[in-house]
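K.L.:
Next input, structure requested:
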Amino acid sequence: MIKELINIELSEVPNKGMIIHAIKKYVIKTKDDESFLVNNFSILLIKSGTFRIQLKDTIQDLSTQDLVIIHKNSLCTVLEVKGKLQLFLVSFTTEFAFQNCFKKELVDAFYFFWAKCSIKIALDRKDFIVLSIIFKLIHLLNKEVKFDGLERELQQISFNLFLYELRLIYTKYTSDASANFSRKESLIIQFLTILTIHCKKQHSVRFYAGALCITSGHLNKIVKQITGKTVKSLIAEAIITEAKKLLDDFQLTIAFISEELEFSSASSFSVFFKRHTSISPSGYRSNAIERFKSH
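P.N.:
The predicted model follows:
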């Protein structure tokens, strides 16, 4: 069962890039000692029962209140299941995370994506309850099939809350975690931090490379290696995220927004926005107004 849930094709689910399961009764479908490669970044929270799995060369014995973070491309083997196993499982792509949490307060949560090994944390009762509530919230919102307007905004807020809580838990239970990351990974965190602060005004790869005292080519090479994306594409995603927030404020003119985002003209902003979203700023705003009226 775990194999089928973890490796679901996330481009085909309603909320493209992320899915959450609340498993009340675990059914063993994977044969004992059958190994499989993990396709999606996944996080499990055990509510009851015991669960023994092997991730790469490490055997993890999981029980109530345990949290385990399973990284993409990990080799996973289900060894044993005992008792009435109940758990929450959320799986998402790194692309989904990038698109949904361009906030400087959450950038260091990206450490989860690049850790050298899967992480198990035995939560105390308080942290378990808080994380369970957030899991339930995401699960409830994920059951909506529209994923537009307020529903999508609430889903994004809940996902941000989820990452924020994970960041707090990670800091609390693994205080020396930063020592386990390479210079490349630390450089990516610095880049993303600078990007969240300056994306409104700075659109060039050269600016971010200069801020990090490296060449544009070197920055792009590292970013591509770690995230699978180019620096230019991440900058564009950050600008689009900010543009949508501004467009959702109906009192702001498109001319003002284009100036606020340092575009030379409203037309150049419109061309940029449509190239990356397949819709014009005015079209996006019209849809936003209709969603607002419908609620």
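
K.L.:
phi, psi of the residue sitting furthest away from the middle of the chain?
P.N.:
Distance from the centre of the chain peaks at S265, with 32.5 Å (C-alpha atoms, centre = their mean). Torsion angles at S265 (phi, psi; degrees, to the nearest 10) stand at phi -160, psi 170.

K.L.:
buried ones in the biggest helix by length in the chain?
P.N.:
Taking DSSP state H as the criterion, the chain has its longest helix at helix 149-173. Across helix 149-173, burial judged by 16 or more other C-beta atoms under 10 Å covers 151-152, 155, 158-167, 169-170, 173. All C-beta spots, glycine's among them, are computed from the backbone N, C-alpha and C.

K.L.:
do stretch 48-66 as well
P.N.:
Going by neighbour count (16+ other C-beta under 10 Å), the buried part of stretch 48-66 is 49, 51, 53-55, 60, 62, 64-66.

K.L.:
Which one of those residues is nearest to K120?
P.N.:
Proximity of these to K120 was ranked by C-beta to C-beta; the top entry is Q60 with 5.1 Å.

K.L.:
Checking my notes, that closest one in a strand, right?
P.N.:
Yes - with DSSP: H, G, I helix; E, B strand; the rest coil as the criterion, Q60 is part of a strand.

K.L.:
For it, give the beta-bridge partners.
P.N.:
For Q60, the beta-bridge partners are I53 (DSSP bridges).

K.L.:
Next, the contact list for it, please.
P.N.:
52-54, 68, 118, 120 (C-beta atoms under 8 Å, 6 or more residues apart in numbering).

K.L.:
Dump those residues to JSON lines, plus pLDDT and distance to N40.
P.N.:
Converted to JSON lines, those look like this (pLDDT from 0 to 100; distance: C-beta to C-beta, whole Å):
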{"residue": "R52", "pLDDT": "86", "distance to N40": "21"}
{"residue": "I53", "pLDDT": "86", "distance to N40": "16"}
{"residue": "Q54", "pLDDT": "86", "distance to N40": "18"}
{"residue": "V68", "pLDDT": "90", "distance to N40": "14"}
{"residue": "S118", "pLDDT": "71", "distance to N40": "13"}
{"residue": "K120", "pLDDT": "86", "distance to N40": "18"}
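
K.L.:
Quick check, pLDDT for Q155.
P.N.:
Note for Q155: predicted pLDDT of 74.

K.L.:
my read: it touches N15, true?
P.N.:
Yes - using C-beta atoms under 8 Å, Q155 makes contact with N15 at a distance of 6.6 Å.

K.L.:
ok, K232 to S216 distance?
P.N.:
10 Å (C-beta to C-beta, to the nearest Å).

K.L.:
Show me which positions of the strand or helix carrying E185 end up buried.
P.N.:
According to DSSP states H and E, E185 maps onto helix 183-198. Across helix 183-198, burial judged by 16+ other C-beta under 10 Å covers 185, 187-189, 191-192, 194-196.

K.L.:
can you put those in a markdown table and add pLDDT and distance to K3?
P.N.:
As requested, those are exported to a markdown table (pLDDT from 0 to 100; distance: C-beta to C-beta, whole Å):
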| residue | pLDDT | distance to K3 |
| --- | --- | --- |
| E185 | 71 | 28 |
| L187 | 84 | 34 |
| I188 | 81 | 30 |
| I189 | 76 | 31 |
| F191 | 87 | 34 |
| L192 | 82 | 32 |
| I194 | 86 | 39 |
| L195 | 88 | 36 |
| T196 | 82 | 35 |
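
K.L.:
Cool, thanks, signing off.
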